[in-house]
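Trainee: quick check, what structure comes out for this input:
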Amino acid sequence: MGNRTAAARLAKALAIILDTEGIPLRLRAWDGSEAGPEDAPVVEFRSRRALRRMLWSPGQLGLSRAYVAGDIDTPGDVFEAFAALSSAGKFARPGPFRPPTAAKLLALVGTAIRLGAVGPNPAAPPEEVRRIHRKGRLHSRRRDSAAISHHYDVGNDFYALVLGSSMVYSCALWPGDSDGMLAAGDGGTIAAGLDAAQEAKLDLVCRKLGLEPGMRVLDVGCGWGSLALHAAGRYGASVVGVTLSSEQAILARKRAADAGLTDKVDIRVQDYRDVRDGPFDAISSIGMSEHVGRAQTPGYAAALFALLRPGGRLLNHAISWNAGPASSDPDSFIPRYVFPDGEMISLGEMVTALESAGFEVLDVEALRRHYALTLRAWVRRLEENWDRAVELTSPGRARVWRLYMASSALGFENNLTGVNQVLVRRPGGNEPPLRRTGWL
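Mentor: Numbering: from 1, shown residues only. From the prediction side, this is the model:
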């Protein structure tokens, strides 16, 4: 009878979707039955609706919807469960998810019939972005604003729970002795050092830009103003920060007022393409260019070149796609739930775009492993404040963030993605230093 339990049949269904002979998980079905390797991470199927979602969307999207809706859960270590799943079959192959063959889809339907899971397609969780195409053409100003709002206007209190007091939503800079924390997966120790690591990153950016008192700085995608406050407070710079998120701008302005820096920090709800009051002595773009899109990256680089005075430096800090040529899949988890219209490009593509715009490359620093540590710290903070996170948003939104951050950490650890700081300058003006000792 073991092969006829709900869990055993679910295991066969999941193997069909993954295109594997077996599964790397211990499945626990709604009736209490279990199947799969006994020492594998446990994944609970809480209702037949989870299988129905997989039947209608037999890939990453169906499983993601089931997880966000609470039809599937991971009662143990979320990293272990997601790592096992992401390393199996089709999930281990970069690029769009290829649907099952007709024969395998028929077998999947048969399993659903035997388990009483056949029925209408369940509604997608409300946290899923829909109809963004109605906001205009891809990367138009209106559509970009809607995409940014979906991700960043979740609520400042929620972000504070996850990010900590630094309110920095990008890769931190960890000390050299952090290797042991990553190897051990010591989330508590990592989370405790998060604020210091974020301050170290902010200071590194300022040093790379060569900031001095009185310099005029543009911070593109300024978030909650953390870099602007650091540059103004520690280096005496005058900073214009632009964001498309009204909630970010509200808090960033309050933080500037609380710090007594309103004379040095100007936060605007503005598209970088609409900034007209250049030139600036330095420009920072931290974790923003992922929203620009591959086709628009040359225009992005040209726009920042035009806003920078001769001799001025730009620091572009961005996630890169490291897994080789692959087309994006608009029906995967990240664009449907996290970053609609977001697009990662390779480091080479970014450097080419910057050089083609006229910039001279001064330095490139890879921070891939630093982002893995940062994401593990954010997951730890989310899980420690889970009930409050749910109260501030929704159970589904909290689950979106846990899935997104944990899977992203694994992507950095496995070198599917990277993050790089590319420092460039507009030719002319004062020559750059001979060595990098000014910011190392």
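Trainee: which residues touch the nearest residue to Tyr235 once chain neighbours are set aside?
Mentor: The spatially closest residue to Tyr235, leaving aside those adjacent along the chain, is Leu211, at 4.1 Å (Cβ to Cβ, 6 or more residues apart in numbering). Backbone N, C-alpha and C define where each C-beta goes, glycine included. Leu211 sits next to 217, 231, 235, 237, 282 when contact means Cβ atoms under 8 Å, 6 or more residues apart in numbering.
Trainee: tell me the confidence at His150?
Mentor: Looking at His150, its pLDDT reads 68.
Trainee: return the set of buried residues in stretch 307-323.
Mentor: 307-308, 311-323 (16 or more other Cβ atoms under 10 Å).
Trainee: out of those residues, which are inside helices?
Mentor: Using DSSP state H, the members of the buried residues of stretch 307-323 that fall within helices are Leu307.
Trainee: assign the residue nearest to Tyr235 to helix, strand or coil.
Mentor: Using DSSP: H, G, I helix; E, B strand; the rest coil, the structure places Leu211 in coil.
Trainee: farthest pair within the buried residues of stretch 307-323?
Mentor: Gly311 and Ala323 (36.7 Å; Cβ to Cβ).
Trainee: could you list the low-confidence segments of the protein?
Mentor: 1-3, 131-135, 150, 152, 178-189, 191, 326-328 (pLDDT under 70).
Trainee: which strand or helix spans Thr352?
Mentor: helix 347-356 (DSSP states H and E).
Trainee: hmm, back to that, how far away is the residue nearest to Tyr235 from Gly241?
Mentor: Leu211 sits 14 Å away from Gly241, taking Cβ to Cβ, to the nearest Å as the criterion.
Trainee: do the same with Leu138
Mentor: Leu138 is 25 Å from Gly241, by Cβ to Cβ.
Trainee: neighbours around the closest residue in space to Ala398 that isn't next to it in sequence, how many?
Mentor: Among residues not flanking Ala398 along the chain, Ala389 sits closest, at 4.5 Å (Cβ to Cβ, 6+ apart). Residues near Ala389, counting by other Cβ atoms under 10 Å, number 24.
Trainee: which residues does Ala389 contact?
Mentor: By Cβ under 8 Å, 6+ apart, the contact list for Ala389 reads 158, 161-162, 382, 397-398, 401.
Trainee: among the residues you listed, which lie within strands?
Mentor: Of the contacts of Ala389, none are assigned to strands by DSSP state E.
Trainee: for Asn414, give me its contacts.
Mentor: Applying Cβ under 8 Å, 6+ apart, no residues qualify as near Asn414.
Trainee: brain fart, Gly429
Mentor: Going by Cβ under 8 Å, 6+ apart, the list of residues near Gly429 reads 309-312.
Trainee: just Thr5 next, same as before
Mentor: Neighbouring residues of Thr5 by Cβ under 8 Å, 6+ apart: 29, 31, 33, 35.
Trainee: among those, which pair sits farthest apart?
Mentor: Put simply, by Cβ to Cβ the two of the contacts of Thr5 set farthest apart are Asp31 and Ala35, 11.6 Å from each other.
Trainee: so for the two, which sits in the more crowded spot?
Mentor: With neighbours defined as other Cβ under 10 Å, Asp31 and Ala35 compare such that Ala35 has more, 22 against 10.
Trainee: beta partners for that one?
Mentor: Leu27 (DSSP bridges).
Trainee: which residues does it contact?
Mentor: So Ala35 contacts 2, 5, 7-8, 10-11, 26-27, 29 (Cβ under 8 Å, 6+ apart).
Trainee: quick one: buried ones out of these?
Mentor: Here, 16+ other Cβ under 10 Å leaves 5, 7-8, 10-11, 26-27, 29 buried among the contacts of Ala35.
Trainee: just name the closest of these to Asp195, please.
Mentor: Using Cβ to Cβ, these come closest to Asp195 at Arg26, 37.0 Å.
Trainee: go ahead and confirm the closest one touches Ala40.
Mentor: Yes: assessed by Cβ atoms under 8 Å, Arg26 is found in contact with Ala40 at 4.5 Å.
Trainee: and Pro58, how many neighbours does it have?
Mentor: Pro58: 20 neighbours (other Cβ under 10 Å).
Trainee: distance of it from Lys90?
Mentor: 10 Å.
Trainee: identify the residue spatially nearest to Arg9, adjacent ones excluded.
Mentor: Thr111 (5.2 Å).
Trainee: pull out the buried positions in the helix or strand hosting the one you found.
Mentor: Per DSSP H and E: Thr111 is located in helix 102-114. Buried residues in helix 102-114, defined by neighbour count with 16+ other Cβ under 10 Å: 107-108, 111-112.
Trainee: stretch 158-178 too?
Mentor: Judged by neighbour count (16+ other Cβ under 10 Å), stretch 158-178 contains these buried residues: 158-164, 166-174, 178.
Trainee: run through the helices of the stretch 201-350 of the chain in chain order.
Mentor: 226-235, 246-258, 297-307, 333, 347-356 (DSSP state H, counting those that start in this stretch).
Trainee: deepest of those, which one?
Mentor: Most buried of these by mean neighbour count (mean count of other Cβ atoms under 10 Å) is helix 226-235; its value is a mean of 23.
Trainee: identify the farthest-apart pair in the contacts of Ala35.
Mentor: Gly2 and Arg26 (14.0 Å).
Trainee: can you show me the helices along the stretch 51-200 of the chain?
Mentor: Counting by DSSP H, counting those that start in this stretch, the helices of the stretch 51-200 of the chain are 60-69, 78-86, 102-114, 141-152, 156-163, 179-184, 187-192, 194-209.
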